[in-house]
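**Student:** sharing a sequence plus its predicted fold:
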Amino acid sequence: MSSDPMYSAAQINIPPALPQVLKEFTKAAIRSQPGDLLRWSAEYFEGLNTGKILPPKQSRIPAQNDGQEEKEEKEAGETQKTQEQQGKVGSDVGVGFDVDALKMLFTEVGTANETMDIISGKDAAKRHNIPDQTVSDVLSLGDFQESVRNVPFVTLLCAVLQPGLSETLSLLVDVAGGEVGSALFEEAFVFLANIEELSQEKIDAVVAAAKESITLKANTVAAVLRSDPSSDHPANNEQQGTENDKEDAADEEEENKVVEGEEGEENGNEEESVESQQQNSEGHPEEVENKEVEGEEENTTEQVEEPQQQNNGDQTDDNVAEEEAEEIAPAVDVEEIKTIIEAIRDSNPENRMAKHFDVEYFTSLGNAEKAALLQCCQSGLDNHDSSMGCYAMQPADYDRFKPFFSKVIADYHGVDIDATHTNNWDLTGVEGLPEDGKLDLTALGLPDLSMRVRVGRNLSDFPLPGAMNQQDRINLEKKMCEAFEKLVAMPEYGGRYNSLTPDHPDHISEDEYKQLVKDHIMFKDMAADPYLLSAGIASDWPYGRGCYVSEDRGFVIWVGEEDHLRIMCMKKGSVLNEVFDRLKTALDVVSSIDGLDFAMSSDYGVVTSCPTNLGTGMRASVHIPLPKLTSDGTDAKAKAVCKPLGLSVRGIGGEHTPIGEGGICDISPRARFCITEAEIICALYKGIKLLKEKEDASDESGDDG
């Protein structure tokens, strides 16, 4: 028997902060995927203790087959080289603040070509909780003596959070409200350029380009920084300036190149393949809204494998960005990827990502596109038992990587590989619609039932959730609040927005959040879901997460879940048209807000993160009692009956949850793609009618009479 002393629960004193510290540590470790966990952990806790930068995420793109020690030495050498050559900005500076603190500081002091004394600068930073040591480091790095130049001061603080010339300036623009004048940009750039020791010709060229732009946004900074003194051969001339510029861009790409992946259906409530009619095996239980995983596409032009040698002023910003991405993208070991894919195919042949991953097509892509496609496939690479295994990361990914996604889509939805989708909410002439146009369940002999219709939507000018960073999520939530203000002011909606983002004007308490989850109104903490974490969708919790709830609680919009928006109408009643029509009206209200454009594909319709919901992004369902078909306590017989009817069956709490009291099941049409919204709601009505007939014809054991 152990001689160690035994303690009662009352004697064990757990530090109050310990659970949160361990939770954050675990989340960081899962995201980072460190090769040496112990060493990484030591760096992590040392970073927390000293206020220094925490260890970064590790690349999840399979690397060349170097030995571990050789790889680590090489990475250490590259890190040192980067710090020596261009890491002068933002290196060796403590952290302990966030972007919001910088925004508040900029509001107070961010005026171009103005100065303040050292004490005023320190006081201003202190008012916004920026650590004293960080301020001292920045003042030393900027060689500020008795006075501080306002814009350079804020710029160096931006460099603490985003080292690298391009990233620092992009963050500065964001901190300044998303757009700055050329004078402010020039002051910040010239200050950093002198620290970086860029050539005067390079500085003059960038300044000239900035003045031509008049105002600059974060997404135009990289293009301006590529400006070159020579118009003849912009890719070759002014070697020193160009090389420094590339190093800045490489630094900028370093964080973005991590293949965080996405997980097609892991996060729950997946639908069965229309063709295979087999229950999807992925999915985390979604007790809140019987959710599906969705898919979406990215607005990025096809990557050019070889950077063009001449610009001549004719290239668009997108083309310039593509060239820059290709120049700095890391090489991918194709043979390593091939080996992994083949292993997954052997062990899990139902993994659609691996099943349709064409190595020849992958090899034909440029390095940047290879990395982007791997990011889409990361969930299947991480989770071999996934039946989908891929997510779109950007609104244009379905079109950009059509040779891959078209096969996955055809396989899952049971359609031709060249099938296209049409959206239509008009019920006129749809098969199964009663003559009076009323989808009334009482006409089928049913009482009032819980009815729900929901759609997934993404905004076209943001990355999809798997590729968003924390600031993207905050910005999207801020943009959506314009729509919520409009809904709140409308008598037919009213209600309020409930934000989980710290310091948001509509932030709710932890108890309020838990109550919304308990009421099946709000979604759960996604950070606990390994599939969503693998996909990058659960990152940055709880920033940018929340839900709008109407006054009658019959209309809800989730923000920041698997898609940017999950918009749903629910009601206990008998006429399906009521929830269907209300949802369409609300969608029109939201989409009428200036700047709110939903991501759409000309071939695939509504763009969703997961290919399973592509097309309509719509799910229509009812909770219906099936006491005879569920008399054995399971939904197995109900599923067998519903399968040929094109219906999915699940528990009332979502995928993989039990049936409700009295045999209540959640019933919905499986189809999402190559079917219109109007056809889905009519298919639900027709399916309920046939299912009711089967239920009535069954004896008490659930067998057909």
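**Tutor:** Nice, I can see it.

**Student:** now do the helix ranked longest in the chain: which elements does it pack against?
**Tutor:** Scanning the chain for the helix with the most residues, using DSSP state H, yields helix 677-697. Applying 3 or more C-beta pairs under 8 Å, 6 or more residues apart in numbering; DSSP states H and E, we find helix 677-697 packed against helix 576-591, strand 618-625, helix 636-642, strand 664-669. (Glycine included, C-beta is placed from N, CA and C.)

**Student:** reformat the ones you listed as JSON lines; add mean neighbour count and mean pLDDT.
**Tutor:** Formatted as JSON lines, the helices and strands packed on helix 677-697 follow (neighbours: other C-beta atoms under 10 Å; pLDDT from 0 to 100):
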{"stretch": "helix 576-591", "mean neighbour count": "18", "mean pLDDT": "93"}
{"stretch": "strand 618-625", "mean neighbour count": "23", "mean pLDDT": "95"}
{"stretch": "helix 636-642", "mean neighbour count": "20", "mean pLDDT": "90"}
{"stretch": "strand 664-669", "mean neighbour count": "24", "mean pLDDT": "94"}
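
**Student:** distance to I417 for these - can I get that in a markdown table?
**Tutor:** Shown next, in a markdown table, are the helices and strands packed on helix 677-697 (distance: least, C-beta to C-beta, whole Å):
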| stretch | distance to I417 |
| --- | --- |
| helix 576-591 | 30 |
| strand 618-625 | 23 |
| helix 636-642 | 28 |
| strand 664-669 | 23 |
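
**Student:** to I341, which of those lies closest?
**Tutor:** Nearest to I341 among the helices and strands packed on helix 677-697 is strand 618-625 (31.2 Å), distances taken as C-beta to C-beta.

**Student:** packing partners of that closest one?
**Tutor:** Secondary-structure packing of strand 618-625 (3+ C-beta pairs under 8 Å, 6+ apart): strand 449-457, helix 576-591, strand 664-669, helix 677-697.

**Student:** let's have the ones you listed in TSV, adding distance to C642.
**Tutor:** Listed next are these as TSV, based on distance: least, C-beta to C-beta, whole Å:
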stretch	distance to C642
strand 449-457	16
helix 576-591	17
strand 664-669	7
helix 677-697	6
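
**Student:** can you say which of the ones you listed is nearest to I521?
**Tutor:** strand 449-457 (12.1 Å).

**Student:** for that closest one, output the C-alpha coordinates as PDB.
**Tutor:** The C-alpha coordinates for strand 449-457 follow below in PDB (Å, rounded to 0.1, in the frame of the first residue of the first chain):
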ATOM      1  CA  LEU A 449     -45.000  20.100 -34.400                       C
ATOM      2  CA  SER A 450     -41.700  21.800 -33.800                       C
ATOM      3  CA  MET A 451     -40.700  23.100 -37.300                       C
ATOM      4  CA  ARG A 452     -37.400  24.600 -38.200                       C
ATOM      5  CA  VAL A 453     -35.700  25.800 -41.400                       C
ATOM      6  CA  ARG A 454     -32.100  27.000 -41.500                       C
ATOM      7  CA  VAL A 455     -29.500  28.100 -44.000                       C
ATOM      8  CA  GLY A 456     -25.800  28.600 -43.800                       C
ATOM      9  CA  ARG A 457     -24.300  31.800 -45.300                       C
END
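
**Student:** show the subsequent helix or strand relative to that strand.
**Tutor:** helix 470-488 (DSSP states H and E).

**Student:** can you give me the offset of that following helix from its chain's centre?
**Tutor:** How far helix 470-488 lies from its chain's middle: 15 Å, per C-alpha atoms, centre = their mean, to the nearest Å.

**Student:** and stretch 513-520, by the same measure?
**Tutor:** Relative to the centre of its chain, stretch 513-520 is centred 23 Å away, using C-alpha atoms, centre = their mean.

**Student:** from here on, count from 10
**Tutor:** Noted, 10 is the first residue going forward, which turns the last one into stretch 522-529.

**Student:** now do the contacts for the nearest residue to V157 once chain neighbours are set aside.
**Tutor:** In space, and not counting its chain neighbours, V157 is closest to G130: 4.0 Å by C-beta to C-beta, 6 or more residues apart in numbering. Listed by C-beta atoms under 8 Å, 6 or more residues apart in numbering, the contact set of G130 reads 118, 144, 148, 153, 157, 162.

**Student:** write the PyMOL selection for whichever of these are buried.
**Tutor:** Buried residues within these, by 16 or more other C-beta atoms under 10 Å, are selected in PyMOL with:
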select buried, resi 118+144+148+153+157+162
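
**Student:** the contacts of G130 in strands, which ones?
**Tutor:** V157 (DSSP state E).

**Student:** just put the contacts of G130 in CSV and tack on distance to E206 and pLDDT.
**Tutor:** Below are those laid out as CSV (distance: C-beta to C-beta, whole Å; pLDDT from 0 to 100):
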residue, distance to E206, pLDDT
V118, 27, 84
V144, 24, 87
L148, 20, 86
F153, 19, 83
V157, 22, 87
F162, 20, 91
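
**Student:** no more questions from me, cheers.
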